Every structure is written in structure tokens, then in C-alpha cells.
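>>> Next input, structure requested:
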Amino acid sequence: TDANDKLKDLAAQKNISLPSSISQDDQKHIDDLSKENAKDFDKDYIDMMVKDHKDDIDLFEDAAKNSSDSAFKNFAAKTLPTLYKHLGAAKAIQKSRS
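Residues are numbered from 1 along each chain as shown. As a prediction, this is how the structure comes out:
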């Protein structure tokens, strides 16, 4: 939430408009998860969290290295340690459930 709020502030400073709703893919994930029993939900949710954190890390690493905007570059670099920490926690939960 903290990183999301900081990104929103940064986007506002740069006059960049952000989407006002979630993507169709994200809505599909929510819809699919809402139909599952508790056990399947837990497994699929944590699998999704691991994948999403890996994808986010790839994007943030690219931005930290290659962004032409120093504010976004710094934001990405400062956010990466938290993303790695969250990925580690998600992987630990995933491992404990397998």
C-alpha cells in the first residue's frame, strides 16, 4: 500500500493518469478465486502472489536500471528490497503448503 501510494503521488506530480479500475485479467483472477473452496483458494492465491511478485520484480529491476526519469528510477530502486522481502514470504508460505 505504501509503495502504491508513493507511485500515485509520483504519477500525479508527472501528470500521468493511472487506471481507475483493475484490469480484465485481474478481475478474472478475482472471479475465479471467488468460486473456489478454501483449500484451492489458498493454494491458487499464494501461487498467484509468488508469480505476481516475480513479475513485479522484473519490471522494477528494469525501471531501476533503464528508466530515463530519475524519479521513477529511484522509486523502483527503493521499492525493490520490499518486493524481494514479500516474494520471500510468499515463497515460504507456498513451500509450507506443498
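
>>> Low-confidence bits of this structure, can you list those?
Across the chain, nothing is flagged by pLDDT under 70.

>>> got the residue ranges for the strands in it?
For the chain, no strands are identified by DSSP state E.

>>> can you give me the helices for it?
Secondary structure of the chain (DSSP state H): helices located at 2-13, 24-34, 38-66, 70-97.

>>> In a markdown table: those, plus mean neighbour count.
C-beta: built from backbone N, CA, C; applies to glycine. Output for these, formatted as a markdown table (neighbours: other Cβ atoms under 10 Å):
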| stretch | mean neighbour count |
| --- | --- |
| helix 2-13 | 12 |
| helix 24-34 | 11 |
| helix 38-66 | 14 |
| helix 70-97 | 14 |
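
>>> contacting residues around the residue lying closest to Met49 once chain neighbours are set aside?
Closest residue to Met49 apart from its sequence neighbours, by Cβ to Cβ, 6 or more residues apart in numbering: Ala90 at 4.4 Å. Shown in contact with Ala90 (Cβ atoms under 8 Å, 6 or more residues apart in numbering): Ile46, Met49, Val50, His53.
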